[in-house]
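**Q** here's a sequence, model it:
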Amino acid sequence: MGDAGWKILFTVAAGFNFAVGLPMLLAPDLMVAAFRMAPQPTLLFVQFTGGLVAIFGLYYTVVARNLARREIVWLGIVGKLFAVGLLTAYFLVGLIPTLAFSLGLGDLAFVALFLWFLLGGRKLSAQ
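**A** From the prediction side, this is the model:
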């Protein structure tokens, strides 16, 4: 894939993170209801999580503008694998619905594409 394709990938990744994170940050009560989660005594952790997800989106935008920022991509892989692992654990014991789990599985596609970018799709020497 050429640089234009990689830039599109990271722009889409940013959009995905904004689409997930911003509603959690800005409308946490609606997100708790949408995911059929138990009412929260405080929405702090929902908003905090949403903010962090959106911040990752900002960093994917940085990568889309500068493909040499490979360290951000490694952090993205770690963050996405962490999210998928945590969502899987909660899903397997029945604490989150399929919808929340399914959205998290979208991160696995990004992990695969990010690894392709780092390990074979765009070599350091091509920069």
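
**Q** CA atoms for contacts and neighbours, from now on please.
**A** Noted.

**Q** what is the one helix or strand Met24 maps to packed up against?
**A** Assigned by DSSP states H and E, Met24 belongs to helix 3-26. Secondary-structure packing of helix 3-26 (3 or more CA pairs under 8 Å, 6 or more residues apart in numbering; DSSP states H and E): helix 44-65.

**Q** distance from the chain centre to the helix it packs on, please.
**A** Centroid displacement of helix 44-65 relative to its chain, using CA atoms, centre = their mean, to the nearest Å, is 8 Å.

**Q** which residue is nearest the middle of the protein?
**A** Per CA atoms, centre = their mean, the C-alpha nearest to the average position across the chain is that of Asn17, at 4.8 Å.

**Q** what's the spacing between Thr98 and Tyr90?
**A** Thr98 sits 10 Å away from Tyr90, going by CA to CA, to the nearest Å.

**Q** that should have said Ala100, apologies.
**A** Ala100 is 10 Å from Tyr90, by CA to CA.

**Q** any stretches of the chain with poor pLDDT?
**A** 121-127 (pLDDT under 70).

**Q** hmm, try it at 80
**A** The chain contains residues with pLDDT under 80 at 38-39, 121-127.

**Q** Three-state assignment for Ala38, please.
**A** coil (DSSP: H, G, I helix; E, B strand; the rest coil).

**Q** contacts only, for it.
**A** Residues near Ala38 by CA atoms under 8 Å, 6 or more residues apart in numbering: Val32.
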